[in-house]
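K.L.:
How does the following fold in three dimensions:
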Amino acid sequence: MSEGRNNPAKEYLNRYRHLVQRRESLLREIDMIRVRATSTSIRIKDVNVLSSSKIHDQMAEDAALLVDSTAALDAIVQDIDVALREILEAIDAVDDEKLKNLLTLRYVEGLSWQQVQIKMAYEHTQTMTYHGVALAKVWQWMKERTKTDIDL
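P.N.:
Numbering: from 1, shown residues only. Here you go, the predicted structure:
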C-alpha cells in the first residue's frame, strides 16, 4: 500500500489531533457558557418579581440557554470521544509494539518525523518502512471493521 496522501489509514489516524483540538475548544466553550450563565450579580437586577405577561426573566432564559447549549455541545464532545477511542483501538489492533509506538508518537502525540526517529532511535528509511507496515495493518483493521459493521 502506498503512503501517499490518499492512504485511508493515514487519513483516519491524522484525525486524532484535530479531534482532540476540537474537543478542547468545545469544552472551553461549555465552560464559558456556564460562567456567563452563573455570573448573576449583574443580571440579578434584570429580574422583575412583578407578575405580568410582559415581564422577562433573564436569569431563567440564561439557565435554559445554559442547559440547551451545554447539552448540545456535550453530545458533540461524546461523539468526538467515541471517534478518539476508535482511533486508539485501531492503533491497539496492530500486533507489534514498535509499530504501535510509532503510530502513537506520530498520530496521538503529534511528533514530527524527526522527533519520532530520535525517540525510537531509527533512521529515516527504517521509520518510513515501519510506518508503511503499520499503516497497512491499520488499513486491514479498518476493512475488517467495515466488513463486520456491514454484516451486522
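
K.L.:
residue nearest the centroid of this protein?
P.N.:
In the chain, the residue lying closest to the centroid (CA atoms, centre = their mean) is Leu19, at 2.8 Å.

K.L.:
From Val67, how far out is that residue?
P.N.:
Distance of Leu19 to Val67, given as CB to CB, to the nearest Å: 25 Å. To be clear about C-beta, it is placed using only N, CA and C from the backbone, and glycine gets the same treatment.

K.L.:
picking up where we left off before, what are the buried residues along the helix or strand hosting the residue nearest to the centre of the chain?
P.N.:
Assigned by DSSP states H and E, Leu19 falls within helix 8-38. Buried residues in helix 8-38, counted by 16 or more other CB atoms under 10 Å: 9-10, 12-13, 15-16, 19, 23, 26, 30, 33, 37.

K.L.:
Does anything pack onto it? Which helices or strands?
P.N.:
In terms of contacts (3 or more CB pairs under 8 Å, 6 or more residues apart in numbering; DSSP states H and E), helix 8-38 is packed against helix 58-92, helix 124-151.

K.L.:
gap between stretch 91-102 and the chain center?
P.N.:
Mean C-alpha position of stretch 91-102 versus that of the full chain (CA atoms, centre = their mean, to the nearest Å) differs by 20 Å.

K.L.:
Distance across that stretch, terminal residue to terminal residue?
P.N.:
This stretch, stretch 91-102, spans 10 Å end to end (CA to CA, to the nearest Å).

K.L.:
That stretch: which residues count as buried?
P.N.:
Buried residues in stretch 91-102, defined by neighbour count with 16+ other CB under 10 Å: 91, 94, 99-102.

K.L.:
Out of those, which is nearest to Gln78?
P.N.:
Ile91 (20.8 Å; CB to CB).

K.L.:
any idea of the mean pLDDT for the helix holding Leu19?
P.N.:
On average, the pLDDT along helix 8-38 is 90.

K.L.:
now it against helix 124-151, angle please.
P.N.:
Interaxial angle of helix 8-38 relative to helix 124-151 (axes from the mean of the first three to the mean of the last three CA atoms, to 10 degrees): 70 degrees.
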